[in-house]
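Student: whatever this is, show me its structure:
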Amino acid sequence: MNFTRNLIALALTGLVATTGMAMDKAEHTAAKDRISADYKMAKQNCDALKDNAKDVCMKEAKGTEDIAKAELEAQYKPDNKSAYKVAKARADANYAVAKEKCDDAAGNTKDVCKKDAKAAHVRALENAKVASAQAKPADNMSEKRADVAEAKQDAAHEKKDADYKAAKERCDTLKGAEQDTCVADAKRKFGM
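Tutor: Purely as a prediction, here's the structure:
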């Protein structure tokens, strides 16, 4: 696990170090090759692990590769879409790892873990959409404000829905009136 974190830090340091400079086609290709080589090395390090620890390690390695590729493309062709793709790659990688970690649990604990992971994923994606709307250049500022307001409203709805589903899943361990009260409290809290 520490190796993967170090690998992430190393990959990000390399990308950040060259962010301010223009990248030509040859540098882009070399960076892609380094990312692929780092991914292969990370996968090999996962081979020493067993069971779900190995699965988690593999998801971390793949996530690191996907994030590094998205960051590379954002550096090579910087624009609003590229920035969103980086945020999406991070959200997807974190979600894949979190879901895989849930496999160590069982029953309702596993279900709650997966709902929590999904809620975190939805929050990250929705935050990225709002940031993308805010960063988008606009000729008409009132249109841009309307677009940002709509993105924020949609994000708030999606986040509340995901958080409600996670809260409701926690209620499944309860029975009868306690469960009914738990669900009612979740509905009230998330405005459902």
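
Student: residues near the closest residue to residue 61 other than its chain neighbours, how many?
Tutor: Leaving out its chain neighbours, the residue that sits closest to residue 61 by CB to CB, 6 or more residues apart in numbering is residue 42, at 3.7 Å. Every C-beta, even on glycine, is put in place using the N, C-alpha and C of the backbone. A count of nearby residues for residue 42, using other CB atoms under 10 Å, gives 21.

Student: contacts only, for residue 127.
Tutor: Contacts of residue 127 were listed using CB atoms under 8 Å, 6 or more residues apart in numbering, and they are 87, 155.

Student: just the element for the residue nearest to residue 61, please.
Tutor: Taking DSSP states H and E as the definition, residue 42 sits inside helix 25-46.

Student: now that helix: buried residues?
Tutor: 31, 35, 38, 39, 42, 46 (16 or more other CB atoms under 10 Å).

Student: how about the strands of this protein, start to end?
Tutor: Taking DSSP state E to define them, one finds no strands in the chain.

Student: biggest helix in it by residues?
Tutor: helix 141-171 (DSSP state H).

Student: take the buried residues of helix 25-46 and lay them out in JSON lines including pLDDT and distance to residue 99.
Tutor: Output for these, formatted as JSON lines (pLDDT from 0 to 100; distance: CB to CB, whole Å):
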{"residue": "31", "pLDDT": "94", "distance to residue 99": "29"}
{"residue": "35", "pLDDT": "96", "distance to residue 99": "23"}
{"residue": "38", "pLDDT": "96", "distance to residue 99": "23"}
{"residue": "39", "pLDDT": "96", "distance to residue 99": "20"}
{"residue": "42", "pLDDT": "96", "distance to residue 99": "19"}
{"residue": "46", "pLDDT": "95", "distance to residue 99": "17"}
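
Student: so can I have a markdown table of these showing distance to residue 162?
Tutor: Listed next are those as a markdown table, based on distance: CB to CB, whole Å:
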| residue | distance to residue 162 |
| --- | --- |
| 31 | 35 |
| 35 | 31 |
| 38 | 32 |
| 39 | 30 |
| 42 | 30 |
| 46 | 30 |
